[in-house]
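A.B. asks: model the following, please.
(chains A and B)
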Protein chains: 2
Amino acid sequence: MASTSRERLLDAAVSLIRTKGYTAMRVEDVCEATGLTKGSFFHHFASKEDLAMAAAERFSARADLMFSRAAFRDEPDALGRLLAYVDFRRGAMQGDLAGFTCLLGMLAQETYSTHPQLSQSCGQHIQDHAATLEPDIAAAKAAHAPDAEWTAHSLAMFTQAVVQGAFVLAKSQHDPAVAADCLDHLRRYLELSFNKPQAPPHAVPAPRSRRAAAARKS
Amino acid sequence: MASTSRERLLDAAVSLIRTKGYTAMRVEDVCEATGLTKGSFFHHFASKEDLAMAAAERFSARADLMFSRAAFRDEPDALGRLLAYVDFRRGAMQGDLAGFTCLLGMLAQETYSTHPQLSQSCGQHIQDHAATLEPDIAAAKAAHAPDAEWTAHSLAMFTQAVVQGAFVLAKSQHDPAVAADCLDHLRRYLELSFNKPQAPPHAVPAPRSRRAAAARKS
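C.D. replies: Next up, the predicted model:
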């Protein structure tokens, strides 16, 4: 039962931080959202920062699980998987802004100066996620662009910069379509970098389309 | 004298929001930073949100002026100017994170749900800045990539997504170099999109280097 209360507090924190930001989230808000007392809160967490650290951890673990089980992982070829990852992320960029944007980037940006340890912990989660792309980028590079000067790590981080920047623009324009459009440019960059003939973004083959639809539902 | 007080309040707000974020900035902090009273504050601004709106306006006006006067504007060719813009932004990505990152993206991201009008005002400033790149992108497209499917507007917005995402990563990694690395990828994407032979990023010709140095000082 104790772990269930803890998880409810974490889920409330993820939702509140994604919506209002870290500073605007009060411990009282988390208690109210869960129906738990402050006593219960401080039984599980030493502080609001402690809660946010654990919320970032939980958000990342869930994302890891979702990405590891996503249909794009079934693409047999490294470059195909990488492009399908971009399509998967693009497909998720719709609906409620708080529902598809990233807790980690928002939290890292807001707290980089006031709570640097929290910010860097979010940064580590982003880097860990980027690292999951590196083997496919390295394999695609060896196959299609062996002389390229960038490293797999650098390109993997760039994909995350585009995703994070797309979220900032979507929020600032209150329009998910701006984010999706950025992912189309990212896909073009990857296609050009790996010397892949470009397909028009609207001429998406059926399997990619179905996967994007699946991504939206997850 | 009244306008001087107002400007001091705005400059303090720009600095505080860039460092701590919007919610963490208290009116008291702004007064303390300027040595002005709350009475003086509320003479100039109706609310903290009102102050932040004007701070975003001031930040944008200053950035506009800096970009309009920057040496990269002297590049005679549209594509050259666009690439030099990227180099200029890359050159500025060093030193103190609060000193080179963007008030608008940080403010827009933190407040998109709690103060949507403020967030959208920041979004408008970002879009206005992106629009300054559109004529050069349109001219470069006509000259080098007339059949490309993207619009000048879409590519201009993408450049800002990369810049904003680079800032998020730099903050989350506490490392400006991550941001600069993202701008190298952006430059490669532009070169590939406009069919320009790629130069190694470290083989920067001297004039670009001098301009980057100038950008750092401004």
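
A.B. asks: just the element for A:Val168, please.
C.D. replies: Taking DSSP states H and E as the definition, one finds A:Val168 inside helix A:152-173.

A.B. asks: quick one, that helix and helix B:152-173 angle?
C.D. replies: Angle between the axes of helix A:152-173 and helix B:152-173 is 110 degrees (criterion: axes from the mean of the first three to the mean of the last three Cα atoms, to 10 degrees).

A.B. asks: pull the CA atoms of helix A:152-173 into PDB?
C.D. replies: The C-alpha trace of helix A:152-173 is given here as PDB (Å, rounded to 0.1, in the frame of the first residue of the first chain):
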ATOM      1  CA  ALA A 152      26.800   8.800 -33.300                       C
ATOM      2  CA  HIS A 153      26.600  10.400 -29.900                       C
ATOM      3  CA  SER A 154      26.500  13.900 -31.400                       C
ATOM      4  CA  LEU A 155      23.700  13.000 -33.900                       C
ATOM      5  CA  ALA A 156      21.700  11.200 -31.200                       C
ATOM      6  CA  MET A 157      21.900  14.300 -29.000                       C
ATOM      7  CA  PHE A 158      20.900  16.500 -31.900                       C
ATOM      8  CA  THR A 159      17.700  14.400 -32.400                       C
ATOM      9  CA  GLN A 160      16.800  15.200 -28.800                       C
ATOM     10  CA  ALA A 161      17.600  18.900 -29.300                       C
ATOM     11  CA  VAL A 162      15.100  18.900 -32.200                       C
ATOM     12  CA  VAL A 163      12.500  17.100 -30.100                       C
ATOM     13  CA  GLN A 164      13.000  19.400 -27.200                       C
ATOM     14  CA  GLY A 165      13.000  22.500 -29.400                       C
ATOM     15  CA  ALA A 166       9.900  21.300 -31.100                       C
ATOM     16  CA  PHE A 167       8.100  21.000 -27.800                       C
ATOM     17  CA  VAL A 168       9.200  24.600 -26.900                       C
ATOM     18  CA  LEU A 169       7.800  25.900 -30.200                       C
ATOM     19  CA  ALA A 170       4.600  23.900 -29.900                       C
ATOM     20  CA  LYS A 171       4.000  25.400 -26.400                       C
ATOM     21  CA  SER A 172       4.900  28.900 -27.500                       C
ATOM     22  CA  GLN A 173       2.600  28.700 -30.500                       C
END
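
A.B. asks: would you mark the buried spots in it?
C.D. replies: For helix A:152-173, burial by neighbour count (16 or more other Cβ atoms under 10 Å in any protein chain shown) applies to A:152-173. C-beta here means a position set from N, CA and C on the backbone, and glycine is covered the same way.

A.B. asks: which of those are close to chain B?
C.D. replies: When contact is defined as Cβ under 8 Å from any Cβ of the partner chain, the buried residues of helix A:152-173 meet chain B at A:154-155, A:157-158, A:160-169, A:171-173.

A.B. asks: so what's A:Gln164 scoring on pLDDT?
C.D. replies: In this model, A:Gln164 is scored at 98, pLDDT.

A.B. asks: tell me the contacts of it?
C.D. replies: A:Gln164 makes contact with A:102, A:105, A:126, B:164-165, B:168-169, according to Cβ atoms under 8 Å, 6 or more residues apart in numbering or on different chains.

A.B. asks: A:Ile17 and A:Leu103 touch, don't they?
C.D. replies: Yes. Assessed by Cβ atoms under 8 Å, A:Ile17 is found in contact with A:Leu103 at 5.8 Å.

A.B. asks: hey, what's in contact with both of the two?
C.D. replies: With Cβ under 8 Å, 6+ apart as the test, A:Ile17 and A:Leu103 both reach A:Ala55.

A.B. asks: quickly check: whichever strand or helix holds A:Thr19 near chain B or not.
C.D. replies: With secondary structure defined by DSSP H and E, A:Thr19 is part of helix A:2-20. Yes. Using Cβ under 8 Å from any Cβ, helix A:2-20 comes into contact with chain B via A:19-20.

A.B. asks: chain center to that helix: distance?
C.D. replies: Centre-to-centre, helix A:2-20 and its host chain are 18 Å apart (Cα atoms, centre = their mean, to the nearest Å).

A.B. asks: could you do stretch A:18-37 as well?
C.D. replies: 22 Å.

A.B. asks: residues of it that come out buried?
C.D. replies: A:18-25, A:27, A:30-31, A:33-34, A:36.

A.B. asks: tell me which of those fall in helices.
C.D. replies: A:18-20, A:27, A:30-31, A:33-34 (DSSP state H).

A.B. asks: and which of those residues is nearest A:Leu192?
C.D. replies: Set against A:Leu192, the nearest of these by Cβ to Cβ is A:Arg18 (33.2 Å).

A.B. asks: nearest spatial neighbour of the closest one, skipping sequence neighbours?
C.D. replies: A:Ala98 (4.7 Å; Cβ to Cβ, 6 or more residues apart in numbering or on different chains).

A.B. asks: same deal with A:Met157?
C.D. replies: For A:Met157, the spatially nearest residue (Cβ to Cβ, 6+ apart) is A:Ala130, at 5.2 Å.

A.B. asks: list the contacts of A:Val178.
C.D. replies: A:166, A:169-170, B:157, B:161 are the contacts of A:Val178 under Cβ under 8 Å, 6+ apart.

A.B. asks: again, but for A:Lys48
C.D. replies: Going by Cβ under 8 Å, 6+ apart, the list of residues near A:Lys48 reads A:22, A:25-27.

A.B. asks: distance of it from A:Met25?
C.D. replies: 7 Å (Cβ to Cβ, to the nearest Å).

A.B. asks: A:Ala70 now?
C.D. replies: 29 Å.

A.B. asks: A:Cys182 contacts B:Thr159, correct?
C.D. replies: No. A:Cys182 is beyond contact range of B:Thr159, at 10.0 Å (criterion: Cβ under 8 Å).

A.B. asks: about what we covered before: of the contacts of A:Lys48, which are in range of chain B?
C.D. replies: Near chain B, by the rule Cβ under 8 Å from any Cβ, you find A:Tyr22 out of these.

A.B. asks: of the contacts of A:Lys48, which is the nearest to chain B?
C.D. replies: A:Tyr22 (8.0 Å; Cβ to the nearest Cβ).

A.B. asks: per-residue pLDDT of that closest one, please?
C.D. replies: Looking at A:Tyr22, its pLDDT reads 98.

A.B. asks: next up, the contacts around the closest residue to chain B within chain A.
C.D. replies: Nearest residue of chain A to chain B (Cβ to the nearest Cβ) works out as A:Gly165 at 2.7 Å. Counting by Cβ under 8 Å, 6+ apart, A:Gly165 touches A:182, B:105, B:160-166, B:168.

A.B. asks: distance to B:Ala12 added to these, as a markdown table?
C.D. replies: Below are the contacts of A:Gly165 laid out as a markdown table (distance: Cβ to Cβ, whole Å):
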| residue | distance to B:Ala12 |
| --- | --- |
| A:Cys182 | 33 |
| B:Gly105 | 20 |
| B:Gln160 | 26 |
| B:Ala161 | 29 |
| B:Val162 | 30 |
| B:Val163 | 25 |
| B:Gln164 | 24 |
| B:Gly165 | 28 |
| B:Ala166 | 26 |
| B:Val168 | 24 |
